[in-house]
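Student: the following comprises the amino acid sequence and a computationally predicted model.
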Amino acid sequence: MLKSVSRISTLGFTFSTLLLLVYSHVVIAQNVKTGSSEVLDPKFTSLLLTGQVASKNLQPFVVPKAGRAWRYQIKWMLPEGSVAKAGEVVVVFDKSEIANQIEQLEASLLRVTAQEQNQTIELDSQLLQAQFDVKKARLEQEKAQLDGAIPIDFIAAKDYADNQFELLRTGSELSKKNQALIEVTDKREATLAQLAIDKQRSQLELEQALQGLEQLELKADIDGPILYGRDNQTDKKFAVGDSVQIGRQIATVPAMNNLEVIAWVNEVDVDRLQLDSPVAIRLDSQPGIALKGHIADISLQASKQAAWGNSNWFKVSISFDIDERVKIIPGMSVLVRTGDAL
């Protein structure tokens with residue numbers, strides 16, 4: 001047995017893995033009676049679970065929806081394990097695409113603004129001309145009314161007829177000019193309203209793009225170490241240079257308080273756990289000290305872990321007592337032992 005352990009140690013197994021191997025022999029020895037196939041009740045046996053220290057208060061970092069792209073490349077991340085301060089930038093995404101979009105939107109806004117100015121000048125000129133034409137037509141009608149008011153007894157019959165015809169013509173012309181003024185006024189209002197809408201839309205798109213540019217820099221809201229997330233398909237940690245789809249969580253910053261241990265139990269063994277049952281916790285970094293804890297929660301629904309095969313796993317939340325001899329920060333790996341042999 002010692003030789004086998006020695007061989008395992010030379011292969012570089014972690015302390016948690018070694019304990020799992022040794023402890024599995026102990027569990028088998030407890031469960032199987034010599035010369036008999038009888039197995040003890042599973043509820044009286046122990047389980048070894050691997051887990052990680054986590055915080056109940058944490059800030060997730062996800063790829064933002066900024067601009068028109070559906071995925072962004074990670075250009076820079078704070079080194080994993082580094083303690084981020086509130087307000088500090090921890091993740092930066094590639095800004096080249098949205099920067100080009102901003103240039104196009106700025107050019108579009110300038111074009112719409114210039115078009116609005118040119119159209120305003122032209123429409124104002126048309127309005128002034130229409131107003132002038134109305135005043136001119138009104139003066140001509142007033143003159144025709146004066147001439148038409150001269151009795152036929154004082155002028156020749158032909159002149160009287162001409163005056164009456166001119167009165168009718170100027171009246172019709174004034175009506176046309178008034179209608180033209182209404183049309184020019186309506187056209188001006190409609191055109192300027194549409195241009196205002198186009199300008200407002202361009203301004204809004206530019207503001208959104210500028211906000212998106214800011215969103216491509218993720219800042220910490222709390223103090224804590226940054227922990228990189230893993231790709232669900234490959235189980236590899238996200239790294240600088242990866243192109244990640246929007247909405248995917250790439251990192252977290254857990255707070256340094258309200259710590260707990262998150263472990264995972266296979267669906268085959270979940271019935272062997274009970275809420276509030278005691279557990280012993282050992283950190284991989286300080287295996288000589290055992291922390292006391294208890295199972296605080298067991299998830300009601302199992303989920304698959306891509307790197308662990310096709311089995312389903314239940315999430316187990318474990319509360320523990322702080323030991324001043326042990327320095328604990330989120331992200332540390334631990335080994336959890338449950339059952340009667342604590």
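Tutor: On my side now, so go ahead. Numbers count the residues shown, from 1 in each chain.

Student: and for the residue positioned nearest the centre of the chain, nearest residue in space, chain neighbours not counted?
Tutor: With distances taken as Cα atoms, centre = their mean, the residue of the chain nearest its centroid is P64 (3.5 Å). Leaving aside its chain neighbours, P64 sits nearest to Q215 (4.2 Å; criterion: Cβ to Cβ, 6 or more residues apart in numbering). Where you see a C-beta, it was placed from the backbone N, CA and C, and this is true even at glycine.

Student: using the three-state scheme, assign the residue nearest to D94 when sequence neighbours are not counted.
Tutor: Spatial nearest neighbour of D94, chain neighbours left out: Q73 (4.2 Å); criterion: Cβ to Cβ, 6+ apart. With DSSP: H, G, I helix; E, B strand; the rest coil as the basis, Q73 sits in strand.

Student: from what I see, Q73 and G241 are in contact.
Tutor: Yes - if you go by Cβ atoms under 8 Å, Q73 and G241 touch, sitting 6.7 Å apart.

Student: the more surrounded of the two?
Tutor: Shown here are Q73 and G241; by other Cβ atoms under 10 Å, Q73 has more neighbours (16 against 9).

Student: bridging residues for the more buried one?
Tutor: Residues in a beta bridge with Q73, per DSSP bridges, are S243.

Student: now do the residue lying farthest from the centre of the chain against N178, distance only.
Tutor: Centroid-distance maximum for the chain: D153 at 90.8 Å, with Cα atoms, centre = their mean. Separation of D153 from N178 (Cβ to Cβ, to the nearest Å) stands at 34 Å.

Student: poorly predicted segments of this structure, please.
Tutor: Along the chain, the model assigns pLDDT under 70 to residues 1-45, 306, 340-342.

Student: one more time with 80, if that's ok
Tutor: Residue ranges of the chain with pLDDT under 80: 1-45, 67, 233, 305-309, 339-342.

Student: for S46, which non-adjacent residue is spatially closest?
Tutor: Spatial nearest neighbour of S46, excluding adjacent residues (Cβ to Cβ, 6+ apart): G339 at 3.0 Å.

Student: wait, W70 touches G247, no?
Tutor: No - with contact defined as Cβ under 8 Å, W70 does not count as touching G247 (9.4 Å).

Student: surely the residue nearest to the centre of the chain is in a helix?
Tutor: No - with three-state DSSP as the criterion, P64 is assigned coil and is not in a helix.

Student: next up, the contacts around it.
Tutor: Contacts for P64 (Cβ atoms under 8 Å, 6 or more residues apart in numbering) come out as 72, 93, 212, 215-216, 218, 246.

Student: distance of it relative to V89?
Tutor: Noted for P64: a distance of 13 Å to V89, by Cβ to Cβ.

Student: follow-up on the earlier one: assign the residue farthest from the centre of the chain to helix, strand or coil.
Tutor: Note that with three-state DSSP, the state of D153 is coil.

Student: how close does the closest residue to S285 other than its chain neighbours get to T252?
Tutor: Of all residues not flanking S285 in the chain, M332 sits nearest, at 6.2 Å (Cβ to Cβ, 6+ apart). Per Cβ to Cβ, M332 is found 14 Å from T252.

Student: again, but for G309
Tutor: G309 sits 25 Å away from T252, going by Cβ to Cβ.

Student: ok, these two, which is more surrounded?
Tutor: Taking other Cβ under 10 Å, G309 and T252 do not tie; T252 has more neighbours (20 against 10).

Student: sorry, back to before: which neighbours do P64 and V89 have in common?
Tutor: Residues touching both P64 and V89 (Cβ under 8 Å, 6+ apart) are L218.

Student: re the thing from before, inside strands: which ones of the contacts of P64?
Tutor: The members of these that map onto strands under DSSP state E are 72, 93, 218.

Student: so E106 sits right up against L206, yeah?
Tutor: Yes - with contact defined as Cβ under 8 Å, E106 counts as touching L206 (6.3 Å).

Student: next one: the residue lying closest to S55 once chain neighbours are set aside from G224, what distance?
Tutor: Counting by Cβ to Cβ, 6+ apart, S55 lies nearest to P254, which is 3.4 Å off, once chain neighbours are set aside. In this structure, P254 and G224 are 5 Å apart, going by Cβ to Cβ.

Student: give the residues shared as contacts by these two.
Tutor: 55, 58-59, 330.

Student: and the furthest pair within these?
Tutor: Greatest spatial distance in the shared contacts of P254 and G224: Q59 and P330, 11.5 Å, computed using Cβ to Cβ.
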